[in-house]
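Undergrad: how would this look folded up:
(4 chains)
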There are 2 protein chains.
Amino acid sequence: MKKRGNRYHHGHLAESLLDAVDEIATQFGIEAVTLRGCAKRIGVSPASAFRHYADKRALLTVFATRALNQLADAMEVAKLQAQDKGEDMLQAVCMAYVRFALTKPAFFRAMWREEMIYSRDSDYLAATDRLAGYLQEGFVKTIADEDPSEFSPQELLAWSTVHGLACLFVDGPVAREQDRDEKLQLTNDVLAQLLPVFKI
Amino acid sequence: MKKRGNRYHHGHLAESLLDAVDEIATQFGIEAVTLRGCAKRIGVSPASAFRHYADKRALLTVFATRALNQLADAMEVAKLQAQDKGEDMLQAVCMAYVRFALTKPAFFRAMWREEMIYSRDSDYLAATDRLAGYLQEGFVKTIADEDPSEFSPQELLAWSTVHGLACLFVDGPVAREQDRDEKLQLTNDVLAQLLPVFKI
DNA sequence: AGCTATATGTAAACGCCGTTAACTTACAAT
DNA sequence: ATTGTAAGTTAACGGCGTTTACATATAGCT
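TA: As a prediction, the model looks like this:
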């Protein structure tokens, strides 16, 4: 956090705007994020954002990309920890996926709001590839299977399950009255049903 | 479609507004739906909507509920057809879920936009219960398991998988360049991995 | 049939939104 | 010191959701 003593130029406006999106989305939800609101929070004029982002959608695209990479980071940590302890790495990565969605629901929503972001953006796509990579690890690769954006049915099953769980918890009617730990326990139970499929 | 010959009163404004949401969401996406746009399409003043819906969110809640029931209808048809042909009913219902999302992506999105609807609305919740019911059929019920909003890990696994697949197809980076039939084939492949789990 | 209450429409205004155009300031290179 | 450019400001535009005050049509009552 930099101070800003009435200087005409802000200096780090692009990043500050991302932080503002972060804070407003966390407090009031991603739908409550407005460019004017972000600018006001930073203490800058409404039009200034357009020097750094083509439009609101471009800002949200960068924010979504940032969120994707945060999720990927969390998955990497979970993978390494499981590796150290000799635990199931796929299980750990799946749990990290759902845990992130439950901890930062507004971020998780922003990642997948197709109509609010430029989902063909190359940085965004690279982040999704990175994310997918952690879910693909541990599965046997065939020769025709080099493209990271191609999934085997098993890999897609794993991703679908954790993604579906996360979405149903965050936006759906499942376990709405239960707290985070109960939802994580439920996730554990569901994964206990699923993971044996991959061990055959 | 009723004609409206410059009468002061419209007569079926509540339903007409829902139809307008339907058409605009189908053409331009759910984010492009505005109350003023709906009113204009019907040929009615912007303020008239508030005689029938408390606010925009209430309108979208009813629309989401309608969409949920359409999905539930499709699942019921799929179930009955599978029953007639002696095919796997759970498989049929799962396929119907994903097929609906691919055929009407804007509707599928609207169903789960937590921040755009009143998701504690009783009609909305009843529709989600109905939906869940079709996915729960075929699973063994325990005595403590009467509440339709409670799910066994197996039932939740089934729902998560199809919901995750649908979301990844509609809003995610999975199979984006492939057409509807290829995605349905992929869905079939994923379900072929999953469904044996339930047959033990 | 006429009167009235109520339901259902309109018009005008409010503040907020994203975005643009024209202008200003500060910094960096010469 | 001059000057070009990057990064801010101000003012305006039309569109948005929503409210308030008003207008009109319908339904029930006598």
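Undergrad: what's the closest non-adjacent residue to A:Val170?
TA: Nearest residue to A:Val170 in three dimensions, chain neighbours excluded: A:Pro105, at 4.7 Å (Cβ to Cβ, 6 or more residues apart in numbering or on different chains). No exception for glycine: its C-beta is placed from N, CA and C like everyone else's.
Undergrad: spatially central residue for chain A, please.
TA: Nearest to the mean C-alpha position of chain A, counting by Cα atoms, centre = their mean, stands A:Leu68 at 3.6 Å.
Undergrad: so that one touches A:Thr128, yeah?
TA: Yes - proximity of A:Leu68 to A:Thr128 meets the contact threshold set by Cβ atoms under 8 Å, at 6.3 Å.
Undergrad: burial measure for A:Leu17, as a count.
TA: Using other Cβ atoms under 10 Å in any protein chain shown, A:Leu17 has 24 neighbouring residues.
Undergrad: spit out the contact partners of it.
TA: Listed by Cβ atoms under 8 Å, 6 or more residues apart in numbering or on different chains, the contact set of A:Leu17 reads A:Cys38, A:Ala39, A:Ile42, A:Ala49, A:His52, A:Tyr53, A:Leu59.
Undergrad: let's see 7 Å
TA: With contacts defined as Cβ atoms under 7 Å, 6 or more residues apart in numbering or on different chains, A:Leu17 is in contact with A:Cys38, A:Ile42, A:Ala49, A:His52, A:Leu59.
Undergrad: likewise A:Ala64?
TA: A:Ala64 neighbours (Cβ under 7 Å, 6+ apart): A:Ala110, A:Met111, A:Ile117, A:Tyr124.
Undergrad: now do the residue nearest to the centre of chain A, the pLDDT please.
TA: Looking at A:Leu68, its pLDDT stands at 98.
Undergrad: show me where pLDDT drops low in chain A?
TA: A:1-5, A:8-9, A:142-149, A:200 (pLDDT under 70).
Undergrad: please redo it, this time with the cut-off set to 80
TA: Where chain A drops to pLDDT under 80, the residues are A:1-10, A:138, A:140-150, A:200.
Undergrad: indicate whether the top helix by length along it makes contact with DNA strand C.
TA: The longest helix of chain A (DSSP state H) is helix A:56-85. Yes - applying Cβ under 7 Å from any atom of the strand, one finds helix A:56-85 touching DNA strand C at A:Lys56, A:Arg57.
Undergrad: check the offset of that helix from the chain's centre.
TA: Mean-position distance between helix A:56-85 and its chain equals 6 Å (Cα atoms, centre = their mean, to the nearest Å).
Undergrad: quick one: the helix or strand following that helix to helix A:56-85, angle?
TA: Reading on from helix A:56-85 to the C-terminus, the next helix or strand found by DSSP states H and E is helix A:89-103. Counting by axes from the mean of the first three to the mean of the last three Cα atoms, to 10 degrees, helix A:89-103 lies at 140 degrees to helix A:56-85.
Undergrad: against which helices or strands is helix A:89-103 packed?
TA: Counting by 3 or more Cβ pairs under 7 Å, 6 or more residues apart in numbering or on different chains; DSSP states H and E, the packing neighbours recorded for helix A:89-103 are helix A:56-85, helix A:153-171, helix A:180-194.
Undergrad: just say which of those is most tucked in.
TA: helix A:153-171 (a mean of 25; mean count of other Cβ atoms under 10 Å in any protein chain shown).
Undergrad: check what contacts it and list those residues.
TA: By Cβ under 7 Å, 6+ apart, the residues outside helix A:153-171 that reach it are A:90, A:94, A:97-98, A:101-102, A:105, A:108-109, A:132, A:135-136, A:139, A:174-175, A:183, A:187, A:190, A:194, A:198, B:112, B:114, B:157, B:159-161, B:163-165, B:167-168, B:174, B:186, B:189-190, B:192-194.
Undergrad: give me that answer again for 6 Å
TA: Outside helix A:153-171, the residues that touch it by Cβ atoms under 6 Å, 6 or more residues apart in numbering or on different chains are A:94, A:97-98, A:101, A:105, A:108, A:135-136, A:139, A:174, A:183, A:187, A:194, B:112, B:114, B:160-161, B:163-165, B:167-168, B:189-190, B:193-194.
Undergrad: quick one: distance of that helix to the chain centre.
TA: Centroid displacement of helix A:153-171 relative to its chain, using Cα atoms, centre = their mean, is 13 Å.
Undergrad: what's the angle between it and helix A:89-103?
TA: Inter-element angle recorded for helix A:153-171 and helix A:89-103: 20 degrees (by the same axes, to 10 degrees).
Undergrad: can you check what angle separates helix A:153-171 from helix B:180-194?
TA: Interaxial angle of helix A:153-171 relative to helix B:180-194 (the same axes, to 10 degrees): 100 degrees.
Undergrad: circling back: find the nearest non-adjacent residue to the residue nearest to the centre of chain A, please.
TA: With sequence-adjacent residues excluded and distances taken as Cβ to Cβ, 6+ apart, A:Leu68 is closest to A:Ala127, at 3.7 Å.
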